[in-house]
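Q: sequence and predicted structure, then a few things I'm wondering about:
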Amino acid sequence: MAFALLSLVALNACEPKPAKEGSVAVAPAAAKDLHTQSNADSIAVSHLDLDINVDLAGKRISGTALWTIDNKNKLKELKLDTYDLTIDSVLVDGKKAPHTLAPALPHLGSALHIPIGDNAKQVAVYYKTGANARALQWLDPQQTHDKKSPFLYTQSESIYARSWIPCPDGPGIRYSYAARVTVPKGLLALMSAENPQQVNDSSVYHFKMETPVPAYLMALAVGDIQFRPINERTGVYAEPGMIDKVRNEFEDVGKMVTTAEQLYGPYRWGRYDVIVLPPGFPIGGMENPRLTFCTPTVIAGDRSLVSLIAHELAHSWSGNLVTNATWNDFWLNEGFTVYFERRIMEQLMGKTYSDMLWELGYQDLQTAVDEIGPKSPDTWLKLNLTGRDPDDGLTDIAYEKGSLLLETIERTVGRQQFDKFLNDYFNDHAFKTITTEQFLAYLDEHLLHGDSTLYKKIDIKAWVYGPGIPANCPRADMERFTKVDAERTKFLNGTAPAQLTTTGWTTHEWLHFLRKMPATLTDAQMKALDEQYKLTNTGNSEIADLWFVMSIRAGYKAAYPAMEQFLSTVGRRKFLQPLYAEMMKTPANQPMARNLYTKYRGNYHPLAQETLDKMVNKK
Ligand SMILES: [Zn+2]
């Protein structure tokens, strides 16, 4: 997932157990996933047949989840995760069975207990979703791009699949699935599976995902959606009013898949398609297998933000193929993916380009460490999310510190060696889950071989079981950003923006130029920049978001109408959070934050609402 969520402050986290002294990693231990109440890891749950009706007017999903099981350990009951679901009835091997729904626990929801016999083979759960389904965002027509039809999309990561399917909802439990989805006439349904490419008359769609996946990769989108191919195995989906723009922006996606395969081996999921969702989508992208879910805020018109697609595509290896065993090991998904994403971008755009991505990532890491606290255990790569919402772990630490550890290893052992290691790693762990400790043991066995010089240089313990940014953290070459720094200095010394050399700058140069400005610019400086570079009305969401934050700081009111427009449509949490946070910093701006949030809260996904409710003190 491209997430980059900041300011999640760690409270009362117990310290994870550090690795043993010495060069060799700790012995791999079985991982206990504390964020699922299901016992499906002991009862082999192999397959799900889902048959659901999606009622967009009533904002409810209802239907049956039929689980194929193998009660090999002769357990007395099957436990599934649910969150705000109504369970109508349960059948075990076709016979009605009693069931109980335990009281809801914070974050985890209610465990569904189903008594089963030793030889039980199939468990069918008849259910409906509730009003507080955290995975679901139901859009009224006016909240979509085309404003004609309602829309639904899901976001199941990290533990929200249970709010639309009664399931074993842990990253360590995989199953194949088939689905039959009934939707209102004229709308198309898509899943993280083999997908249709056009609307049919029956309004019933069939899906197949034969490769076992964990519940957090269950996904569904329903709306007025069209398809356009890119090449024989890649394509894009979007609302009709956006489809041509989207097709143009993602021209290079086919090439990206080929580049990724050259780096780390075959793409193993068949097709790779991308759906661009309406603007309320709460995150940048979600790596749902075969069909990446993506925010429209990457459609900049100049393909300058497509590294997000490289990121989601890279998850087809790191995350979807080799999966973190628990949310404490989240960095194994995201750190690997960011590293892989930058290697794809280096291949496609050149090293000076990927160097900019590395440096901006480093800046993000610095911000995250400052906000979380440089000594907080939440800045370790190995997390301890016991008793907490796993979303607390979805910070830039996993993404940026994780990728920088891999970069450190690459620089220490050499790229060729490291690439060979990564190819083996993906092969040896394909369709399996892995803990941090298992990874460290594998790293030792296949790459570091107990070599104390290498261990000393890399200092793995400081990265995985230590806080903040380790002393040996690598930095990217600053070739292009040094030039940007020079132009910024000229501007701050009084050179008019028209005299600055900005020709050929990409989004990344602009971000660096603006990020490193002094905390507050004068109104005259803001105005001069705006007049020359039209920043208030930029169509680039990354630049717009940063510019609006600067505008709030500087009290540059000329940007406020455009900012309100942005806040009224965009639901991407990464953009909303800094803007509302900046407004909440001063008593003078707090009423503006509350007023805007009251007006537009209804346009945001439940997950974004949860984050912002806390921030803007709505609840
Ligand atoms: Zn990701």
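A: Cool, the structure landed.
Q: wait, residue 523 sits on residue 554?
A: Yes. Proximity of residue 523 to residue 554 meets the contact threshold set by Cβ atoms under 8 Å, at 6.5 Å. Every residue, glycine included, has its C-beta placed from N, CA and C.
Q: who has more neighbours, the two?
A: residue 554 (18 against 12; other Cβ atoms under 10 Å).
Q: that one and residue 527 touch, don't they?
A: No. Counting by Cβ under 8 Å, no contact exists between residue 554 and residue 527, whose distance comes to 9.8 Å.
Q: what bits of the protein have low per-residue confidence?
A: The model of the chain has pLDDT under 70 over residues 2-30, 618-619.
Q: sorry, back to before: overlap in contacts, residue 554 and residue 527.
A: Counting by Cβ atoms under 8 Å, 6 or more residues apart in numbering, no residue touches both residue 554 and residue 527.
Q: what's the longest helix in the chain?
A: For the chain, the longest helix by residue count, based on DSSP state H, is helix 351-372.
Q: got the buried residues for that helix?
A: Buried residues in helix 351-372, counted by 16 or more other Cβ atoms under 10 Å: 353-369, 371-372.
Q: again, but for stretch 190-197
A: Buried-residue list, stretch 190-197, by 16+ other Cβ under 10 Å: 190, 191, 192, 193, 195.
Q: closest to the ion among these?
A: residue 192 (14.7 Å; Cβ to the ion).
Q: check contacts around that closest one.
A: 209, 213, 217, 218, 219, 288, 289, 290, 291.
Q: the third one against residue 289, yeah?
A: Put plainly, it is residue 217. Yes. Taking Cβ under 8 Å as the definition, residue 217 is a contact partner of residue 289 at 5.5 Å.
Q: need the overlap of contacts for those two.
A: Common neighbours of residue 217 and residue 289 (Cβ under 8 Å, 6+ apart) are 192, 320.
Q: so is residue 74 in a helix, a strand, or just coil?
A: Using DSSP: H, G, I helix; E, B strand; the rest coil, the structure places residue 74 in coil.
Q: now the residue in the stretch 101-250 of the chain that the ion sits nearest to: phi and psi?
A: In the stretch 101-250 of the chain, the residue that lies nearest the ion is residue 157 (8.9 Å; Cβ to the ion). Phi and psi for residue 157, reported as degrees, to the nearest 10, are phi -80, psi 130.
Q: same check on residue 89?
A: Here is the backbone geometry of residue 89 (degrees, to the nearest 10): phi -160, psi 170.
Q: skip the chain neighbours and tell me the closest residue to it.
A: Of all residues not flanking residue 89 in the chain, residue 126 sits nearest, at 4.7 Å (Cβ to Cβ, 6 or more residues apart in numbering).
Q: and what of residue 149?
A: Leaving aside its sequence neighbours, residue 149 sits nearest to residue 224 (Cβ to Cβ, 6+ apart; 4.1 Å).
Q: got a list of what that neighbour touches?
A: Neighbour list for residue 224: 144, 146, 148, 149, 151, 186, 187, 188, 239, 240 [criterion: Cβ under 8 Å, 6+ apart].
Q: returning to what we had before: leaving out chain neighbours, which residue sits closest to the residue of the stretch 101-250 of the chain closest to the ion?
A: Residue 157 sits nearest to residue 216 (Cβ to Cβ, 6+ apart), 4.3 Å away.
Q: repeat that for residue 298.
A: Leaving out its chain neighbours, the residue that sits closest to residue 298 by Cβ to Cβ, 6+ apart is residue 305, at 4.2 Å.
Q: and what of residue 402?
A: Leaving aside its sequence neighbours, residue 402 sits nearest to residue 335 (Cβ to Cβ, 6+ apart; 1.7 Å).
Q: also residue 551?
A: Distance criterion Cβ to Cβ, 6+ apart; nearest residue to residue 551, sequence neighbours excluded, is residue 559 at 3.8 Å.
Q: show me the contacts for that neighbour.
A: 526, 530, 535, 536, 547, 548, 551.
Q: burial measure for the closest residue to the third one other than its chain neighbours, as a count.
A: Using Cβ to Cβ, 6+ apart and skipping residues adjacent in sequence, the residue nearest residue 535 is residue 547, 4.4 Å away. Residue 547 has 25 neighbours, counted by other Cβ under 10 Å.
Q: again, but for the one 5 residues further on
A: Using other Cβ under 10 Å, residue 552 is surrounded by 24 other residues.
Q: near residue 350, how many other residues are there?
A: Residues near residue 350, counting by other Cβ under 10 Å, number 10.
Q: that one and the ion, how far apart?
A: Distance from residue 350 to the ion, counting by Cβ to the ion, to the nearest Å: 23 Å.
Q: now do residue 399
A: Counting by Cβ to the ion, the gap from residue 399 to the ion is 7 Å.
Q: repeat that for residue 608.
A: For residue 608, the distance to the ion equals 17 Å [Cβ to the ion].
Q: one more: residue 296?
A: In terms of Cβ to the ion, residue 296 sits 18 Å off from the ion.
Q: over to residue 490?
A: For residue 490 relative to the ion (Cβ to the ion), the value is 37 Å.
Q: could you look up the SS state of that residue?
A: Of the three states, residue 490 takes helix according to three-state DSSP.
Q: the closest residue to the ion within the stretch 151-300 of the chain - how many residues pack around it?
A: Closest to the ion within the stretch 151-300 of the chain is residue 287: 6.1 Å, counting by Cβ to the ion. For residue 287, the count of nearby residues is 25 (other Cβ under 10 Å).
Q: now it, nearest residue through space, not along the chain?
A: The nearest residue in space to residue 287 (Cβ to Cβ, 6+ apart) is residue 315, at 3.3 Å.
Q: which ones are touching residue 301?
A: 245, 249, 539.
Q: nearest to residue 103 among those residues?
A: residue 249 (47.2 Å; Cβ to Cβ).
Q: distance of that closest one from residue 370?
A: Residue 249 is 33 Å from residue 370, where distance means Cβ to Cβ, to the nearest Å.
Q: now do residue 582
A: 15 Å.
Q: which parts of the stretch 1-150 of the chain sit against the ion?
A: By the rule Cβ under 5 Å from the ion, the part of the stretch 1-150 of the chain lying against the ion is residue 1.
Q: most proximal residue of the stretch 1-150 of the chain with respect to the ion?
A: Closest point on the stretch 1-150 of the chain to the ion, by Cβ to the ion, is residue 1, at 4.2 Å.
Q: that residue: what's it in contact with?
A: By Cβ under 8 Å, 6+ apart, the contact set of residue 1 is 157, 283, 284, 285, 286, 287, 312, 315, 334, 394.
Q: need the max-distance pair from those residues.
A: 312 and 394, at 15.2 Å, using Cβ to Cβ across the contacts of residue 1.
Q: compare these two (neighbour count), which wins?
A: Shown here are residue 312 and residue 394; by other Cβ under 10 Å, residue 312 has more neighbours (26 against 23).
Q: torsion angles phi and psi at that one?
A: Residue 312 has phi and psi values of phi -60, psi -40 when expressed as degrees, to the nearest 10.
Q: ok, it touching residue 286?
A: Yes. Counting by Cβ under 8 Å, residue 286 is a contact partner of residue 312 at 7.2 Å.
Q: for residue 93, which residues are in contact?
A: 120, 121, 122.
Q: wait, isn't residue 581 in contact with residue 615?
A: Yes. Contact between residue 581 and residue 615 holds when scored by Cβ under 8 Å: they sit 6.2 Å apart.
Q: before we move on, which element is the closest residue to the ion within the stretch 501-619 of the chain in?
A: Nearest residue of the stretch 501-619 of the chain to the ion (Cβ to the ion) works out as residue 574 at 12.1 Å. Using DSSP states H and E, residue 574 maps to helix 573-584.
Q: having no further points to raise, I will conclude here.
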